[in-house]
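Student: could you look at this predicted model? Sequence included:
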Amino acid sequence: MSLTTSDIENVQKLYPGLKFIEKDGKQYFTGELRFTAFYDISKDELILNPLASAASHNDYLTDTFQLEIEFPSDFPLSFPLVREIGGRLKNIADKYSISDIRDLHVNKNQNNAVCLCPKPAERLRYPNGVDLLHFINNLVVPFFFGLSYFDKHRKWPWNEYSHGELGIMEFLAECQDKQDGSLAKSCYDALGEQYKKIVQASKEIKGHWPCLCNSGKKFRSCHGMALKGLWALKQWWKQLNKDRK
């Protein structure tokens, strides 16, 4: 599905630095994403275009990033791929001696698209398809606000999910009130084969065992939320197979 004229106009009205282009049969926004935002830590809320009175606060930022937003052929059913193309990510990685760009939440398997949320969270956020302006305001801008904050303070302004499968399991553990069979299946389907085998195995996972991230630390101390998510997945898998019998 193609972007509508309304989609394009609404985005460019709020973010005039982003230009719509079509190239090699694909649709993109490319150019400058400029934002002014304030993170209210007391409410855990990012406020776009805050009042000028917030300007003196340490968590008030104005910044600009060079982006490419690539739209998949099945948009709005699938998320657009967002990439930083101005060299800022590399500069931040060099500044803080970060050797693995994934530590800045970049997916190398998607040509360095940024990780806006765990894959299974996409269905929860947009069960009926992606609302483009909401997507930019509530996922894209917060990500780059967080990156700008990291550039300034060498830490993210809020809690972050771990890379890959561990982040998926943390997400599942965090969604205690939304856990159901379909959400567990979405998380399971997003795992790589190695992690699927761990879920399927009859052997229980103990908290004092070495963490799956290979840090050498105890799982419960290193990635405790991921451990809870793994337990939830294993329980779902057991119940699934029990129901099949």
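Tutor: The structure has been received and is ready for your questions.
Student: beyond the lowest-mean-pLDDT helix or strand in the chain, next helix or strand please.
Tutor: Least confident element among the helices and strands of the chain, by mean pLDDT, DSSP states H and E: helix 121-125 (a mean of 85). Remark: after helix 121-125, the chain's next helix or strand is helix 132-135, criterion DSSP states H and E.
Student: name the helices or strands packed onto the helix or strand following that following helix?
Tutor: Using DSSP H and E, the helix or strand that follows helix 132-135 in sequence is helix 141-153. Judged by 3 or more C-beta pairs under 8 Å, 6 or more residues apart in numbering; DSSP states H and E, helix 141-153 is in contact with strand 26-40, strand 45-48, strand 60-71, strand 81-84, helix 88-95. Where C-beta positions appear, they are placed from N, C-alpha and C, glycine not excepted.
Student: worst mean pLDDT among these?
Tutor: Out of the helices and strands packed on helix 141-153, strand 45-48 stands lowest, with a mean of 91 (criterion: mean pLDDT).
Student: identify the residues contacting it?
Tutor: With contacts defined as C-beta atoms under 8 Å, 6 or more residues apart in numbering, strand 45-48 is touched by 35, 36, 37, 38, 39, 40, 54, 137, 141, 142, 145.
Student: can you give me the buried ones in that strand?
Tutor: residue 46 (16 or more other C-beta atoms under 10 Å).
Student: distance of residue 86 relative to residue 147?
Tutor: In this view, residue 86 and residue 147 are 12 Å apart by C-beta to C-beta, to the nearest Å.
Student: looking at the two, which has the bigger crowd around it?
Tutor: residue 147 (20 against 16; other C-beta atoms under 10 Å).
Student: alpha carbons of the longest helix belonging to the chain, as PDB, please.
Tutor: Taking DSSP state H as the criterion, the chain has its longest helix at helix 224-244. Output in PDB follows, covering the C-alpha atoms of helix 224-244 (Å, rounded to 0.1, in the frame of the first residue of the first chain):
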ATOM      1  CA  GLY A 224      16.500 -10.700  35.700                       C
ATOM      2  CA  MET A 225      13.600  -9.400  33.600                       C
ATOM      3  CA  ALA A 226      14.600 -11.500  30.700                       C
ATOM      4  CA  LEU A 227      14.700 -14.500  33.000                       C
ATOM      5  CA  LYS A 228      11.100 -13.900  34.000                       C
ATOM      6  CA  GLY A 229      10.100 -13.600  30.400                       C
ATOM      7  CA  LEU A 230      11.900 -16.800  29.600                       C
ATOM      8  CA  TRP A 231      10.000 -18.600  32.400                       C
ATOM      9  CA  ALA A 232       6.800 -17.200  31.000                       C
ATOM     10  CA  LEU A 233       7.600 -18.500  27.600                       C
ATOM     11  CA  LYS A 234       8.500 -21.900  28.800                       C
ATOM     12  CA  GLN A 235       5.200 -22.100  30.800                       C
ATOM     13  CA  TRP A 236       3.300 -21.000  27.600                       C
ATOM     14  CA  TRP A 237       5.100 -23.700  25.600                       C
ATOM     15  CA  LYS A 238       4.300 -26.400  28.100                       C
ATOM     16  CA  GLN A 239       0.600 -25.400  28.200                       C
ATOM     17  CA  LEU A 240       0.500 -25.300  24.400                       C
ATOM     18  CA  ASN A 241       1.800 -28.800  24.100                       C
ATOM     19  CA  LYS A 242      -0.500 -30.000  26.900                       C
ATOM     20  CA  ASP A 243      -3.500 -28.600  25.000                       C
ATOM     21  CA  ARG A 244      -2.500 -30.300  21.800                       C
END
